[in-house]
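Participant: can't give you the sequence, but here's the structure:
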C-alpha cells in the first residue's frame, strides 16, 4: 500500500469516528424509538398509549348509508399526525371487502388538527355492518405513542 492510500484511509476513518462518536448538542435530546413507562397528559407510551380524540367521524357511528360512493373521514383533534390508516375488520364486520382495495386516503393538516378522508368507495356486501378497528400503536416523530378509538368506524350499509 502506498502513502496516498494510507493517508486517505486514515482521514476517512477519522471522519467516520467523528461523525459517529460526536454530534450536535441536540443529538442527545432526540427520541429514538417509542417512549416507555408512564404517560403524561399529552404524550403516551407503549405501556400507556394516549387515546386520540376524534371529531367529524363520517359516516357517523350507528348511521345507515347507501353502499355506493361512501366517503369515510375523521379528524384527529389537536395533533398533526401522519399515520397509515390501515384498519382491520372487527368480529362484527359483515360488509366484506372494500372496493377499491386498498382504500385510498388523503391527509390534510388544518390548524393543529389532521383530517383523513377516503376517496369514494363501497363494500362487497350490502345490508351489512361496517366495523373497523384501528391499526394498533401509533408512534409520532417525538416518540409519543397513541391509539385511535375502537372501533373507529361503525355503521350499516344498505343497497344503493
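Facilitator: Yes, it's here. This is a predicted model, so every value here is computed, not measured.
Participant: how near is the residue positioned nearest the centre of the chain to residue 140?
Facilitator: By CA atoms, centre = their mean, the chain has its centre lying nearest to residue 83, at 2.1 Å. Distance, residue 83 to residue 140, using CB to CB, to the nearest Å: 9 Å. In this view, the C-beta of every residue, glycine as well, is placed from N, C-alpha and C.
Participant: swap in residue 129?
Facilitator: 32 Å.
Participant: who's more crowded, these two?
Facilitator: Using other CB atoms under 10 Å, the more surrounded residue of residue 129 and residue 140 is residue 140, with 19 against 15.
Participant: who are the neighbours in contact with the more buried one?
Facilitator: Taking CB atoms under 8 Å, 6 or more residues apart in numbering, we find residue 140 in contact with 79, 81, 146.
Participant: nearest to residue 48 among those residues?
Facilitator: Sorting those by how near they are to residue 48, with CB to CB, puts residue 146 at the top with 10.4 Å.
Participant: quick one: distance of the helix or strand where that closest one lies to the chain centre.
Facilitator: Following DSSP states H and E, one finds residue 146 within strand 145-147. The chain centroid and the centroid of strand 145-147 are separated by 9 Å, computed with CA atoms, centre = their mean, to the nearest Å.
Participant: next helix or strand past it?
Facilitator: Reading on from strand 145-147 to the C-terminus, the next helix or strand found by DSSP H and E is strand 153-158.
Participant: and the contacts of that next one?
Facilitator: Residues contacting strand 153-158 (CB under 8 Å, 6+ apart): 57, 59-67, 70, 72, 87, 92, 95, 122-123, 125-132.
Participant: pLDDT averaged over that strand - what is it?
Facilitator: Here strand 153-158 scores 98 as its mean pLDDT.
Participant: one step back: buried residues in the strand holding residue 146?
Facilitator: 145, 146, 147 (16 or more other CB atoms under 10 Å).
Participant: stretch 123-131 now?
Facilitator: For stretch 123-131, by 16+ other CB under 10 Å, it's 123, 126, 128, 130, 131.
Participant: give me the lowest-pLDDT entry from those.
Facilitator: Among the buried residues of stretch 123-131, pLDDT bottoms out at residue 126, giving 94.
Participant: isn't it right next to residue 96, touching?
Facilitator: No - judged on CB atoms under 8 Å, residue 126 makes no contact with residue 96 at a distance of 9.2 Å.
Participant: if I pick the closest residue in space to residue 99 that isn't next to it in sequence, what's in contact with it?
Facilitator: Excluding the flanking residues, the one nearest residue 99 by CB to CB, 6 or more residues apart in numbering is residue 122, at 5.0 Å. Neighbouring residues of residue 122 by CB under 8 Å, 6+ apart: 67, 68, 69, 70, 98, 99, 157, 160.
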